[in-house]
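Chemist: sharing a model that was predicted from the sequence below.
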Amino acid sequence: MDKTWEIIREVLTYPLIKMGEGSLTLQSLVILCVLFAVVLLLEKILRERVIMRIFEKTDFPESLEYGLARIMGYVFIVIGWYMAMQFVGIDLSSLALIAGGISVGVGFGLQNIINNFVSGIIIFAERPIAIGDRVEVSGIAGRVVKISLRSTTVITNDNITMIVPNADFISQTVTNWSHGDPKVRIRVPIGVAYGSDIVLLEKVLLEIADESPKALKDPKPSVLFDSFGDNSLNFELALWTASMTTRPRRFISTLNFAIEKKLRENNIEIPFPQRDLHIRSGSVEIKRPVEAEPPAGQCDRPAEDSR
């Protein structure tokens, strides 16, 4: 048994990599992995059981609390791993040159991840979006349910989960229906035929806005004469709402159903594209093509029968 333990001890303490005055052994690698795992476990306990409970007593927004907790957790991991490497005797100064070369290569390979990571920090600091906001970015529209340091989770109205990189919220134009004042104005275009009673049309549209339970009475809705179109008079029904910003398409669809019904009841025509064809009267001179002359020596008279 003593010989066996001696062999195991020699294997565990055999120097694998020379690092400055010391060396990296299998035993130190095992201890380092165990310490790394302990640091990760302690970080999770500290973040969920201590930091988040402290934040519950503050008035910080949920997204800001989550972001600060994650940043503090990452700092704890870096410090813990540094202390673990110092504990097993790894000389970090001897790895400075190697780490510098590796960092350059990793930087090029992970530039998108780093970009998203920095964008996540900017989102937590400036708070252009928050959990529960209705946003539109990169052709995706939905409700924000989670904000992490690398990406943001958005749930669409079709209950589809979309993972959006944080860099898109910083580098692109973002429509946030819930940012600041939740009250927004919805514009519904309407086209009616030329010759329609536009006074009656304005009255009908205002009645529709007044009867809508989701439309606000203050500010008051209005009807705007937009333009003279090729086939119709173009108007807009503009009304304010605060409760339908999460489902604007559903709100507009309900208004369109009501508008079509009211216009039909009041005999106001919704036109379709038309074209007028005008035929001018008069005589048309038709010229016959000039016949080609026969070749020289050829007679127009039919040949006589040789029989």
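Modeler: Alright, I've got the coordinates.
Chemist: Phe257: neighbouring residues, count only.
Modeler: By other C-beta atoms under 10 Å, the residues close to Phe257 number 11. In short, each C-beta sits where N, CA and C put it, glycine included.
Chemist: would it count as being in a helix?
Modeler: Yes: under DSSP: H, G, I helix; E, B strand; the rest coil, Phe257 sits within a helix.
Chemist: over to stretch 203-220 now: how far is its first residue from its last?
Modeler: Taking C-alpha to C-alpha, to the nearest Å, the first and last residues of stretch 203-220 lie 14 Å apart.
Chemist: spatially, what comes nearest to Asp230 if we skip its sequence neighbours?
Modeler: Of all residues not flanking Asp230 in the chain, Pro273 sits nearest, at 7.4 Å (C-beta to C-beta, 6 or more residues apart in numbering).
Chemist: any idea how far Leu224 is from that neighbour?
Modeler: 23 Å (C-beta to C-beta, to the nearest Å).
Chemist: okay, the two: which has more neighbours?
Modeler: Taking neighbours as other C-beta under 10 Å, Pro273 and Leu224 compare with Leu224 leading, 12 against 8.
Chemist: element containing Arg53?
Modeler: helix 52-55 (DSSP states H and E).
Chemist: pull up the distance across stretch 169-177, start to finish.
Modeler: By C-alpha to C-alpha, the extent of stretch 169-177 from end to end equals 14 Å.
Chemist: residues making contact with that stretch?
Modeler: The contact list for stretch 169-177, computed with C-beta atoms under 8 Å, 6 or more residues apart in numbering, reads 119, 122-123, 128-129, 133-138, 152, 168, 184, 245-246, 248.
Chemist: give the buried subset of the residues you listed as a PyMOL selection command.
Modeler: Selecting only the buried entries of the contacts of stretch 169-177 in PyMOL, with 16 or more other C-beta atoms under 10 Å as the criterion:
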select buried, resi 119+123+129+133+134+135+137+152+168+245+246+248
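Chemist: and the contacts of stretch 169-177, which of them are in helices?
Modeler: 119, 122-123, 168, 248 (DSSP state H).
Chemist: let's have those in CSV, adding distance to Ala84.
Modeler: Output for the ones in helices among the contacts of stretch 169-177, formatted as CSV (distance: C-beta to C-beta, whole Å):
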residue, distance to Ala84
Ser119, 30
Ile122, 31
Ile123, 31
Asp168, 36
Pro248, 52
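Chemist: which of those sit farthest apart?
Modeler: Farthest pair in these (C-beta to C-beta) is Ile122 and Pro248. Separation: 27.3 Å.
Chemist: what's in contact with the helix holding Arg53?
Modeler: The contact list for helix 52-55 (C-beta under 8 Å, 6+ apart) reads 65, 68-69.
Chemist: was I right about Ile155 contacting Lys146?
Modeler: No: Ile155 lies out of contact with Lys146 (C-beta atoms under 8 Å); the separation is 9.3 Å.
Chemist: the closest residue to Leu255 other than its chain neighbours bridge partners, please.
Modeler: With C-beta to C-beta, 6+ apart as the criterion, Leu255 has its nearest non-adjacent residue at 5.2 Å, and that residue is Val188. With DSSP bridges as the criterion, Val188 is bridged to Leu237.
Chemist: try Ala141
Modeler: Glu136.
Chemist: go on, the one 10 residues further on?
Modeler: Partner residues in beta bridges with Ser151: Pro165, with DSSP bridges as the criterion.
Chemist: what is the neighbour count of it?
Modeler: 19.
Chemist: pretty sure it contacts Thr161?
Modeler: No: using C-beta under 8 Å, Ser151 and Thr161 do not qualify as a contacting pair, with a distance of 11.2 Å.
Chemist: mind listing what's buried along the helix holding Arg53?
Modeler: Neighbour counts over helix 52-55 (16+ other C-beta under 10 Å) mark Phe55 as buried.
Chemist: how about the strands in the stretch 201-307 of the chain?
Modeler: Per DSSP state E, counting those that start in this stretch, the stretch 201-307 of the chain carries strands over the ranges 222-228, 233-241.
Chemist: tell me how far the longest one lies from the chain's centre.
Modeler: Read that as strand 233-241. 27 Å (C-alpha atoms, centre = their mean, to the nearest Å).
Chemist: thanks again, I'm all set now.
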